[in-house]
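Q: sequence and computational prediction follow.
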Amino acid sequence: MKELMIMVFIVMLILIVIFFPRQETYTFVSHEKEEIYAYTIEIQGAVYQEGYYTFYEPMTLREILMLSTYAKDDADLEALNLDQIYDQDTTILIPSINEAPPIYEKININEADFQMFLEVPGMQERQAASIIIYREANGLFESVDELVNVKYIGAITLEKLKPYLTT
């Protein structure tokens, strides 16, 4: 009887090992540093608190206004695309229903300095610097459309800046 119990115990032990193998858990750790990009958006115009706001992920204009500062009652939000996604440093001007839109004098991209470029609505510092660097390296621009060759200026950005620039 004792031998039978030992045999049953051995068989059960084998079955347990077969049907319930020991599971090893693995934890993978990445030693690579993940870059977190922060971008700053300047909000001006018909808002309660104008200023610079830093975000760490792309957001729509609606989300930006809700998280940073609320638009005033006289803000003309219908003139804006509230679903536009912002994922880089920029300036947003919230227009007011009560004020006329500002009139801007066109800036000559072949003569403008850094500060003059920064007066262009929507122009960022890195874009202004890139235009000057490109102009010094490649000579004068023949048309505003050549700005698409400049670092940090794509076709969409060019269309936004075009009304304020000339050659």
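A: In hand now; what should we look at?
Q: mind listing residues that contact the helix of greatest length in the chain?
A: Assignment by DSSP state H gives helix 2-19 as the longest helix of the chain. Contacts to helix 2-19, defined as CB atoms under 8 Å, 6 or more residues apart in numbering, come from no residue at all. In short, each C-beta sits where N, CA and C put it, glycine included.
Q: tell me the mean pLDDT for that helix?
A: For helix 2-19, the mean per-residue pLDDT is 85.
Q: name the residues of it that are buried.
A: Buried residues in helix 2-19, defined by neighbour count with 16 or more other CB atoms under 10 Å: none.
Q: what of stretch 133-151?
A: Result for stretch 133-151 [16+ other CB under 10 Å]: buried residues 134-135, 141, 144, 146-147, 150.
Q: one more: stretch 93-111?
A: Within stretch 93-111, the residues that qualify as buried are 93-96, 107, 109, counting by 16+ other CB under 10 Å.
Q: same thing with stretch 36-52?
A: By neighbour count on 16+ other CB under 10 Å, the buried set for stretch 36-52 is 39, 41, 43, 45-47.
Q: try stretch 54-71
A: Of the residues in stretch 54-71, 55, 59, 61, 63-65, 68-69, 71 count as buried by neighbour count, 16+ other CB under 10 Å.
Q: so what touches it?
A: Contacts of stretch 54-71 (CB under 8 Å, 6+ apart): 36-41, 43, 46-51, 53, 77, 80-87, 92, 94.
Q: pLDDT (mean, whole number) over it?
A: For stretch 54-71, mean pLDDT is 87.
Q: measure that stretch end to end?
A: One end of stretch 54-71 sits 18 Å from the other (CA to CA, to the nearest Å).
Q: quickly run through the sheet partners of the longest strand along the chain, with directions.
A: The longest strand of the chain (DSSP state E) is strand 39-45. Note on strand 39-45: by DSSP bridges, its sheet partners are strand 51-55 (antiparallel), strand 90-94 (parallel).
Q: need the CA coordinates for that strand. CSV is fine.
A: The C-alpha coordinates for strand 39-45 follow below in CSV (Å, rounded to 0.1, in the frame of the first residue of the first chain):
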residue,chain,number,x,y,z
TYR,A,39,5.8,73.9,-27.2
THR,A,40,4.7,77.3,-26.3
ILE,A,41,1.6,79.1,-27.6
GLU,A,42,1.1,82.8,-27.1
ILE,A,43,-2.6,83.7,-26.9
GLN,A,44,-3.6,87.3,-27.6
GLY,A,45,-6.7,89.3,-28.2
